[in-house]
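Novice: here are the coordinates; sequence isn't available:
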């Protein structure tokens, strides 16, 4: 039997590869669910890794993280940034003042639910994104402190 879907924001996926608050919970959730996310996930994850390299990762650690992301992505289902997704993201950004990438994540999850008629967990470690996802009616699961601004 296939594992159920869950939508994972980049803030949670990165915790799979980098030890930080919520990393254990992230790994457990990723082990229980099939990963669904926005098509922006690989770009955003690599950028987050590069930012971490500037703070506390060595070049070798970043290279290992990037390699693992590349190997793992064959198992991910990514939602394309279609006109429908972008339209929803515009409404979220304009109506709630949501940051662009957060709006794309919430819109992608909403579009998946609409197109499949499935209700899935929306997993995030970002407080503002969590609040916007809750307002949009998504079934939110918070990882870590979920308090990053």
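Specialist: Received the coordinates, thanks. All of these numbers come straight from a predicted model, not from anything done at the bench. Residues are numbered from 1 along each chain as shown.
Novice: Please count neighbours and contacts with C-alpha atoms only from this point.
Specialist: OK.
Novice: Which parts of stretch 87-96 count as buried, going by neighbours?
Specialist: Neighbour counts over stretch 87-96 (16 or more other CA atoms under 10 Å) mark 88, 89, 90, 92, 93 as buried.
Novice: Correction: the previous question concerned stretch 22-35.
Specialist: Using 16+ other CA under 10 Å as the test for burial, stretch 22-35 gives 22, 23, 25, 26, 27, 29, 30, 33, 34, 35.
Novice: What does the nearest residue to the fifth one once chain neighbours are set aside show for phi and psi?
Specialist: Leaving aside its sequence neighbours, residue 27 sits nearest to residue 16 (CA to CA, 6 or more residues apart in numbering; 5.5 Å). Note on residue 16: backbone dihedrals following degrees, to the nearest 10 are phi -70, psi -30.
Novice: just checking, residue 16 touches residue 26?
Specialist: Yes. In this structure residue 16 lies within contact range of residue 26 using CA atoms under 8 Å: 6.2 Å.
Novice: For the helix or strand bottoming out on mean pLDDT in the chain, name the packing helices and strands.
Specialist: Within the chain, confidence by mean pLDDT, DSSP states H and E is lowest for helix 41-55 among all helices and strands, at a mean of 84. Using 3 or more CA pairs under 8 Å, 6 or more residues apart in numbering; DSSP states H and E, the elements in contact with helix 41-55 are helix 10-17, helix 59-72.
Novice: any residues touching it, and which ones?
Specialist: 9, 10, 13, 14, 59, 61, 62, 65, 66, 69, 73, 78 (CA atoms under 8 Å, 6 or more residues apart in numbering).
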